[in-house]
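**Q** need a 3D model of the sequence below.
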Amino acid sequence: MENKATHPMNKYFRADRMPHMWCPGCGIGTAVNAFVNALDKSGIEKNNVAVVSGIGCTGRVAGYVNVDSFHTTHGRAIPFAEGLKAASPDTKVVVFSGDGDLMSIGGNHFIHAGRKNMDLLVICVNNLNYAMTGGQVSATTPMKAITATAPYGSFCEPFNLPFLAEAAGAVYVARWTVYHVREMQKAISEGLKKKGFSFIEIISPCPTLFERRNKMGTGLTRLKFYKENSIVENGADTKKTTIELNKPFVVGKFVDIEGRQTYIDAMNTYYDATFQCDLNYMTYKGVRNSYNVEEGCEND
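**A** As a prediction, this is how the structure comes out:
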């Protein structure tokens, strides 16, 4: 008898796009598996979710998941997602991309989305280099690591992503590795429920380029390294979560705060108050609105 059993998560993938293009030992597939499991348990309808990715290995996620998705230009996943969220506030918008796309080319968009507290969940799979384009230095490459563009080692301090996210204004910040599957899934579940700018960093091996050049072994070797060298410290000071080459590093949930108004809520609150004023008192000056309002309304 033919076995017609299918994987319970198949509904979240585009079968016509398989098999995927990720290398053996890459952790992006594990991260995606955690995401779809978290999404399945969240109760959020597929039609109410959108995934936005940029360019790069992780950027291919948008093409594989069977929800509304956008594969955008390099470094621009976050502004595309912001526009989508502004146009459809009830949609849960998830940005799923890599360290090169989000933090190197797209770094400026990242910090300003945090500053505005855009209601987005940003998942960054950090494999410490530009993996798709040949393994060049990225904004997260550790000091002294060898890459295609740093054959004698990188001598730039890398971004500490949890610290950067918290400093920018994120209301939820966590970091796990692809070894920590259950913790990763729990963090994504919390991020999906959180209102505001949420950020999850997922540390993943790139055995084809980064691990090979730095003589770190296979993807399995790196999972063993993550198991033995990840220090779980929930609530850790993000200033102390820098990743150094081949040294232990901190993982956990670092930030989880309530009460910070999102950009869209702040805008709606302002305009709701403004348009309650008598429009007869409104005057237009130059390229901006100046409101001469009746008593009880705020002046612009």
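
**Q** the closest residue to residue 219 other than its chain neighbours: which element?
**A** Once flanking residues are discounted, residue 219 sits nearest to residue 25: 2.3 Å by C-beta to C-beta, 6 or more residues apart in numbering. Yep, even glycine has a C-beta here, placed from its N, CA and C like the rest. Under the criterion DSSP states H and E, no helix or strand holds residue 25.

**Q** for residue 155, see how far away residue 25 is.
**A** To residue 155, residue 25 is 28 Å away according to C-beta to C-beta, to the nearest Å.

**Q** who has more neighbours, those two?
**A** It is residue 25, of residue 25 and residue 155, that has more neighbours when counted by other C-beta atoms under 10 Å, with 18 against 10.

**Q** what ranges do the strands span in the stretch 151-300 of the chain?
**A** 172-177, 198-203, 230-232, 249-256, 282-285, 288-291 (DSSP state E, counting those that start in this stretch).

**Q** out of these, which comes closest to residue 114?
**A** Across the strands of the stretch 151-300 of the chain, residue 114 has its closest neighbour in strand 198-203 (7.5 Å, C-beta to C-beta).

**Q** by how many degrees do that closest one and strand 172-177 diverge?
**A** Here strand 198-203 runs at an angle of 10 degrees relative to strand 172-177 (axes from the mean of the first three to the mean of the last three C-alpha atoms, to 10 degrees).

**Q** I'd like to know which helix or strand in the protein has the lowest mean pLDDT.
**A** Least confident helix or strand of the chain, by mean pLDDT, DSSP states H and E, is strand 282-285 with a mean of 42.

**Q** how long is stretch 55-70 end to end?
**A** Stretch 55-70 has an end-to-end distance of 11 Å (C-alpha to C-alpha, to the nearest Å).

**Q** mind listing what's buried along that stretch?
**A** 55-62, 64-70 (16 or more other C-beta atoms under 10 Å).

**Q** with just CA atoms, put stretch 261-274 into CSV.
**A** Only the C-alpha atoms of stretch 261-274 are listed here, as CSV (Å, rounded to 0.1, in the frame of the first residue of the first chain):
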residue,chain,number,x,y,z
GLN,A,261,4.2,52.9,21.8
THR,A,262,4.6,51.7,18.3
TYR,A,263,5.1,54.0,15.4
ILE,A,264,1.6,53.3,13.9
ASP,A,265,-0.1,53.7,17.3
ALA,A,266,1.7,57.0,18.0
MET,A,267,0.7,58.3,14.6
ASN,A,268,-2.9,57.2,15.1
THR,A,269,-3.1,58.8,18.5
TYR,A,270,-1.8,62.1,17.2
TYR,A,271,-4.1,62.2,14.2
ASP,A,272,-7.1,61.1,16.2
ALA,A,273,-6.5,64.0,18.6
THR,A,274,-5.8,66.5,15.8
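
**Q** thank you kindly, that will do.
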